[in-house]
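> Fold the following and give me the result.
(one chain, ligands or ions: 1)
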Amino acid sequence: MNSSMILRAVRNRLIRKLLPKPVSVRHAEYSMVFSADDEDGRPKMELIQLAMAAIQQAMVIDLSEVSQRIKNDIKYPDVWPGEHYKLLAGLVKVLQPKLIIEIGTFTGLSALALKKCLPPDGKLVTFDIIDWRKLANRALVEEDFADGRLEQRLDDLSDPTVMERHLGLLKGADLIFIDAAKDGVQEQRFLTNFAGVQFDKPPFIIFDDIRLWNMLKIWRLIRHPKLDLTSFGHWSGTGLVAFEQK
Ligand SMILES: C[S@@+](CC[C@H](N)C(=O)[O-])C[C@H]1O[C@@H](n2cnc3c(N)ncnc32)[C@H](O)[C@@H]1O
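From the prediction side, this is the model:
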């Protein structure tokens, strides 16, 4: 353990002592609530309408195929609202995107949810820095890639020089799902890098974990129209942004 890890462990222990959980739950995280009237990224009507349509789809979408891929863990997509999985599938069902970019494949559950309602001519490119094949609890199988509509790229888009190599792909994105490190800086780097992309048309961006402490500032400072959809997404926070080219 290095000194910053020790410091973080001590700080976390101190916070837990000063602010103990008010209830007993499986998993708790520290967060904070903010006033809405001075929010700079208020949603436009179209974004609210999109969210409502996606939620309606999420209510009826069957993700049992995705749940079946989960071994030795909670079948998250089956427990309403299905973490972010049903909402992701609902958004794809409504938007019918030709290109989805995901940052953070991990075992592939969200990739499977995103692919569920992808149109026949749609494509999902999922980025990670770890090959899904290396994970013991992987949900993906090789056949998921057989139709050419799913591809994993092993690259770090938070690095501007790496991002540049993928500009040709990224400019065509209709929907971007960001679910990577949540370390308090990386998601901001993705946003900064995306600001330099000349998108063919403004994409929608979904952020995971927006209510976690490390993500509070990044989410709050997003000045594009945005909507917190946590009650219909991941309990740790799900946010939808209508990214506007500035
Ligand atoms: C929480 S997991 C993603 C979970 C997945 N999206 C889901 O919902 O099933 C986060 C993933 O982000 C990956 N990651 C971390 N930094 C990254 C980066 N700079 N670029 C791409 N992926 C990254 C990690 O390796 C990990 O697999």
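> Could you measure from I70 over to A113?
12 Å (CB to CB, to the nearest Å). Heads up, the C-betas are built off the backbone N, CA and C, glycines and all.
> Who has more neighbours out of those two?
A113 (26 against 16; other CB atoms under 10 Å).
> Tell me who's in contact with the more buried one.
Shown in contact with A113 (CB atoms under 8 Å, 6 or more residues apart in numbering): 63, 66, 77, 84-86, 88-89.
> Using TSV, lay out those together with neighbour count, pLDDT and secondary structure.
Converted to TSV, the contacts of A113 look like this (neighbours: other CB atoms under 10 Å; pLDDT from 0 to 100; DSSP: H, G, I helix; E, B strand; the rest coil):
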residue	neighbour count	pLDDT	secondary structure
L63	22	97	coil
V66	26	97	helix
P77	28	94	helix
H84	30	97	coil
Y85	25	98	helix
K86	28	98	helix
L88	35	98	helix
A89	27	98	helix
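> which of these lies closest to Q245?
Nearest to Q245 among the contacts of A113: L88, at 23.7 Å, using CB to CB.
> The closest one is in contact with K115, isn't it?
No - contact between L88 and K115 fails when scored by CB atoms under 8 Å: they sit 9.8 Å apart.
> before we move on, the earlier item: may I see the contacts of A113 arranged in TSV, with distance to E102 as well?
Formatted as TSV, these follow (distance: CB to CB, whole Å):
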residue	distance to E102
L63	16
V66	14
P77	16
H84	11
Y85	13
K86	16
L88	9
A89	13
